[in-house]
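Undergrad: Pasting the sequence and the predicted model now:
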Amino acid sequence: MTLTTNAALVDASQRRPGPHPNPATADVAGGAAADRSVDHRQTKPQCVTCQQQPARTRGMCPACYERDRTRQKAYGRWESQHVDAQPVRDHVHTLRNAGISNKRLGELTGVSTNTIQVLMTGRPERGYGPTKKVLRRTADRILAVPVPELAFPVASPGRIVPAFGTTRRLQALVANGYSQRELCRRLGWAWQGNATALFLGRAEYVVARRAREVADLFIQLQLVPGNDARARNRGRANGWPAPLDWDEDTIDDPNHHPEPTVVTRSIDDDLDEFEYLLAAGVDGTSACRRVGVTVSAMVKRYERAHRRAPAALSAVIAAAARSARASQNAQVAS
């Protein structure tokens, strides 16, 4: 029995020791003691004042922090890191009413949505109400977000906003010569279905993403007349104002009404526009159509203005004459 026990002890002494749960205080294999000369407290940030104790608040240890706080209060220069949370909470409520959600506010400020939620409602699951204090840097970030006059420019893409201004912009572009199909193609929408209700003013709300897309397209096309006569006639029949009849600052205001813009065009204006279209590469027939006159009427305008007609217009007249003669000869031959 004794021999067996001694053999087991010898065998156990020759085994390689396993990892110790605390390597910093355990002896390493071979009997060498661990190096206890390393002060592991030095890995923590030290107080910027005494350089002896770990830092806790504002880079200082508790004792140095209290001394500095007492001194600054005596000088009247103490500024707390926390401020009253109620003004910040009221500002968040105002932003919500303007269409900015907690998620969107977090994207604009860099403050987590959890922090905003705790600021507004507290932690009901833990029995805590809304916070009375908030960090100054958090308050500064939230209060720096202005309350928008319109919701759709800053709201989350999927947030529901009034469709009043969006409908006005679409109707104005139709009155400017762009068909519903063409506008939907530019916007990447299906031109039937819900888009029709938006064009006709039957939709009360629209998502902010679509409102922003229409506003951007309106800025691009409001000064560029379209060439769709049927769309222009549709706008005229429905009494839809043109883009220039609206003020961009009040087009989303339901109480604002358009001011019709009367543009008096002279013969020279039509001729200058016709020649500009020809220089841009538009053929003579299409250029006359875009100006809004026929080819024969354009010839008469050049005669009245005592201006020489461009060669492209003469070519169109010659082609029309040849076509008329060919049709007349065909009728005689038959």
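TA: All right, it came through fine.
Undergrad: which of the residues in stretch 214-232 are buried?
TA: Within stretch 214-232, the residues that count as buried by 16 or more other CB atoms under 10 Å are 214-215, 217-218, 221-222, 225-226, 228, 231-232. (Each C-beta comes from the backbone N, C-alpha and C, glycine too.)
Undergrad: Dump those residues into TSV; add secondary structure, pLDDT and distance to Ala139 as well.
TA: Formatted as TSV, the buried residues of stretch 214-232 follow (DSSP: H, G, I helix; E, B strand; the rest coil; pLDDT from 0 to 100; distance: CB to CB, whole Å):
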residue	secondary structure	pLDDT	distance to Ala139
Val214	helix	95	36
Ala215	helix	94	32
Leu217	helix	95	38
Phe218	helix	95	37
Leu221	helix	93	43
Gln222	coil	91	41
Pro225	coil	87	50
Gly226	coil	88	50
Asp228	coil	88	53
Ala231	helix	92	51
Arg232	helix	90	53
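Undergrad: Tabulate those residues in CSV, adding columns for distance to Asn97.
TA: Below are these laid out as CSV (distance: CB to CB, whole Å):
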residue, distance to Asn97
Val214, 23
Ala215, 21
Leu217, 28
Phe218, 26
Leu221, 32
Gln222, 30
Pro225, 39
Gly226, 38
Asp228, 40
Ala231, 37
Arg232, 40
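Undergrad: In the stretch 1-150 of the chain, mark out all the strands, start to finish.
TA: Secondary structure of the stretch 1-150 of the chain (DSSP state E, counting those that start in this stretch): strands at 82-84, 133-135.
Undergrad: Of those, which stretch is the most buried?
TA: Sort the strands of the stretch 1-150 of the chain by mean neighbour count, taking mean count of other CB atoms under 10 Å, and strand 133-135 sits at the top with a mean of 18.
Undergrad: Who are the packing partners of that strand?
TA: Helices and strands touching strand 133-135, by 3 or more CB pairs under 8 Å, 6 or more residues apart in numbering; DSSP states H and E, are strand 82-84.
Undergrad: Let me see the backbone angles for the closest residue to Ala55 other than its chain neighbours.
TA: Of all residues not flanking Ala55 in the chain, Pro45 sits nearest, at 4.5 Å (CB to CB, 6 or more residues apart in numbering). Dihedral pair for Pro45: phi -60, psi 140, per degrees, to the nearest 10.
Undergrad: mind listing what Pro45 touches?
TA: Going by CB atoms under 8 Å, 6 or more residues apart in numbering, Pro45 touches 54-55, 59.
Undergrad: quick one: contacts for Ala163?
TA: Ala163 neighbours (CB under 8 Å, 6+ apart): 198, 203-206, 211.
Undergrad: Which of those residues sits closest to Ile317?
TA: Leu198 (44.3 Å; CB to CB).
Undergrad: Could you name the helices and strands sitting against the helix or strand that contains the closest one?
TA: Assigned by DSSP states H and E, Leu198 falls within helix 194-200. Other elements packing on helix 194-200 under the criterion 3+ CB pairs under 8 Å, 6+ apart are helix 164-175, helix 180-187.
Undergrad: Tell me which of those sits most buried.
TA: Buried most deeply of these, by mean count of other CB under 10 Å, is helix 164-175, with a mean of 24.
Undergrad: what is the mean pLDDT for that helix?
TA: Averaging pLDDT along helix 164-175 gives 94.
Undergrad: now that helix, how far from the centre of its chain.
TA: Distance of helix 164-175 from the chain centroid (CA atoms, centre = their mean, to the nearest Å) equals 20 Å.
Undergrad: quick one: contacts of it?
TA: 150, 152, 180, 183, 198-201, 203, 206, 210-211, 214-215, 217-218, 221-222, 226, 231-232, 234-236, 238, 240-243, 245-246, 251-252, 254.
Undergrad: orientation of it relative to helix 180-187 in degrees?
TA: Taking axes from the mean of the first three to the mean of the last three CA atoms, to 10 degrees, one finds helix 164-175 and helix 180-187 inclined to each other by 120 degrees.
Undergrad: how close does the closest residue to Arg304 other than its chain neighbours get to Ala279?
TA: Once flanking residues are discounted, Arg304 sits nearest to Ile267: 6.2 Å by CB to CB, 6+ apart. Distance, Ile267 to Ala279, by CB to CB, to the nearest Å: 19 Å.
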